[in-house]
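K.L.:
The amino acid sequence is not available; the structure is as follows:
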């Protein structure tokens, strides 16, 4: 009976995960249409390809790719008609055999105008290029800043202007930047292609100018058409602003491929790789291992056997600090150090029960030392998050949990080997920080459809907020019946649950993507290959740590 019960639970978990993956694929299929089929057809009538068609034609066929921020803007800006994928498509892929990052404005979304999330996503793309010394290709087709929201995109440090500052910084770092003007490129945005190393422009559809013909007429009274003002002929034959004139999108993209083909190799970071070996366990077995009830325990080691090469890993300090698993392994041939929250309820050396997903002092100490060892050995780090936070209470406080937690955060924050974070389930409170949340510079951070990112769980937060709400209403003289209290609780929890959804996180770029768990190995492998383009710029040093 116990075996049947376990199989039944596994099958329920598997069904639930597959439903979540199907829901994700449905949402993505809508997003991939950008502003809709009619607007794509309108582009075709103009002789232009859509952003995704351009990327498909540019990238090497049948090679791995990873899209960053496909869900950016999800559920946001509804009063403005929405902003699918943030109005810009960002993909890490291969062009002429060279790994690079491609940024393509989606002209079907408000003519490619920049929303606040568009700026954030562009900066994320440049951050990836800078961190990994990765060539970046811009496919420009944008009407510029979306004026109704200009105050949220124009003047601040992490706003639109930061893009051009990054262009200059990347150039000084020797990071290859190629820009193709394949549509409108206006106002401040006109600086992006010209601050790149090389620029191309498509004849008849590409234009670059600081002010279009209407604004020129209004400002100085000059009557001129946009093509004469800033078209391909003007900028390749008269101004010399652009380097290459092409006759259509296809020729433009083919020219970029030729330019990328000539790029020389750079010095690699030297991360170790051997021939890839698939796990002995089926990659999709993870669907049934992860409980649909996120409060239930499970053995994280079962997940690891579905993720690492040959299902083999060498565990560091296996019998100490058991609420975090630290292990050396290979993923798609790459040597990695894994730091994962153990979700089983376990006993420590003193025979005391420890809750799964909670970080205890001994676990924090172990993980800190493991991270230092990985830096010593030049081994990339992979964090698998399913964490509810640090252990609380007098015993933990007296034992120095804050000190040990700080040691872990310090060791992780100062890591010079690349870090990759997979949010499997819970990512709550300071646990998010200690396990390399977005604020701690993972090269890539993705979530499974089961991810939840928040200060605490929806139920816990609702209980706290309910107490505050009830006390406030009682102070006003309102009588709170059990029915009214339940109604308030459900209302608060529903609102909070929406904010801990992985879609909420992905829409705001707290994570780079929501992925099918079976693609975890592929994402990590793409990330490490990307990171291997850049050696650490400084030796590993954790500074001052209390022991």
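P.N.:
Great, that's in hand. The structure presented is a predicted model; accordingly, all values stated were derived computationally and were not measured.

K.L.:
mind checking the backbone torsions on residue 105?
P.N.:
Backbone geometry at residue 105, expressed as degrees, to the nearest 10, gives phi -60, psi 140.

K.L.:
Surely it touches residue 50?
P.N.:
No - counting by CB atoms under 8 Å, residue 105 sits too far from residue 50 to count as a contact (10.6 Å). C-beta coordinates here come from the backbone N, C-alpha and C atoms, glycine included.

K.L.:
Do a quick rundown of the helices in the stretch 351-500 of the chain.
P.N.:
When assigned using DSSP state H, counting those that start in this stretch, the helices of the stretch 351-500 of the chain occupy the ranges 361-377, 394-398, 401-413, 429-434, 458-475, 482-500.

K.L.:
Could you list every helix and strand in contact with the fifth one?
P.N.:
Here helix 458-475 is seen to pack against helix 482-500 when contacts are counted using 3 or more CB pairs under 8 Å, 6 or more residues apart in numbering; DSSP states H and E.

K.L.:
Could you name the helices and strands sitting against the helix it packs on?
P.N.:
For helix 482-500, the packing partners by 3+ CB pairs under 8 Å, 6+ apart come out as strand 452-454, helix 458-475.

K.L.:
What are the contacting residues of it?
P.N.:
Residues outside helix 482-500 that contact it (CB atoms under 8 Å, 6 or more residues apart in numbering): 452-454, 457-459, 461-463, 465-466, 469-470, 480, 504.

K.L.:
contacting residues for residue 64?
P.N.:
Taking CB under 8 Å, 6+ apart as the contact definition, residue 64 lies against 93-94, 522, 525-526.

K.L.:
Just the buried ones from those residues?
P.N.:
Among the contacts of residue 64, those buried by neighbour count (16 or more other CB atoms under 10 Å) are 93-94, 522, 525-526.

K.L.:
Using CSV, please lay out those residues together with pLDDT, secondary structure and distance to residue 388.
P.N.:
Output for these, formatted as CSV (pLDDT from 0 to 100; DSSP: H, G, I helix; E, B strand; the rest coil; distance: CB to CB, whole Å):
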residue, pLDDT, secondary structure, distance to residue 388
93, 98, strand, 36
94, 98, strand, 39
522, 98, helix, 28
525, 98, helix, 29
526, 98, helix, 30
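
K.L.:
now, among these, which is nearest to residue 235?
P.N.:
For residue 235, the closest of the buried ones among the contacts of residue 64 turns out to be residue 93, at 28.0 Å, with distances computed as CB to CB.

K.L.:
Contact partners for the closest residue to that closest one other than its chain neighbours?
P.N.:
With sequence-adjacent residues excluded and distances taken as CB to CB, 6 or more residues apart in numbering, residue 93 is closest to residue 65, at 3.8 Å. The contact partners of residue 65, taken as CB under 8 Å, 6+ apart, are 59, 91-94, 526.

K.L.:
please redo it, this time with the cut-off set to 7 Å
P.N.:
59, 91-93 (CB atoms under 7 Å, 6 or more residues apart in numbering).

K.L.:
What of residue 446?
P.N.:
Listed by CB under 7 Å, 6+ apart, the contact partners of residue 446 are 422, 511-513, 515, 523.

K.L.:
Quick one: buried ones out of those residues?
P.N.:
Among those, those classed as buried by neighbour count (16+ other CB under 10 Å) are 422, 511-513, 515, 523.

K.L.:
Take the residues you listed and keep only those in strands.
P.N.:
Using DSSP state E, the members of those that fall in strands are 422, 513.

K.L.:
distance between the ends of stretch 389-406?
P.N.:
For stretch 389-406, the first and last residues are 13 Å from each other (CA to CA, to the nearest Å).

K.L.:
Mind listing what's buried along it?
P.N.:
Buried residues in stretch 389-406, defined by neighbour count with 16+ other CB under 10 Å: 389-391, 396, 400-401, 404-406.

K.L.:
what's the most distant pair in those residues?
P.N.:
Farthest-apart pair in the buried residues of stretch 389-406 is 389 and 400; separation 16.4 Å (CB to CB).

K.L.:
Can you tell me which of the contacts of residue 446 comes closest to residue 271?
P.N.:
Taking CB to CB as the measure, residue 523 is the one of the contacts of residue 446 closest to residue 271, at 15.9 Å.

K.L.:
now that closest one: how far from residue 447?
P.N.:
Look at residue 523 and residue 447: by CB to CB, to the nearest Å, they are 11 Å apart.

K.L.:
With residue 248 instead?
P.N.:
With distances taken as CB to CB, residue 248 is found 39 Å from residue 447.

K.L.:
Comparing these two, which residue is more hemmed in?
P.N.:
Set side by side, residue 248 and residue 447 give different neighbour counts by other CB atoms under 10 Å, the larger being at residue 447 (27 against 16).

K.L.:
my read: the more buried one touches residue 504, true?
P.N.:
No - proximity of residue 447 to residue 504 does not meet the contact threshold set by CB atoms under 7 Å, at 10.6 Å.

K.L.:
what's the burial count for residue 27?
P.N.:
Counted by other CB under 10 Å, the residues lying close to residue 27 total 17.

K.L.:
gap between the two ends of stretch 220-240?
P.N.:
Using CA to CA, the two ends of stretch 220-240 sit 24 Å apart.
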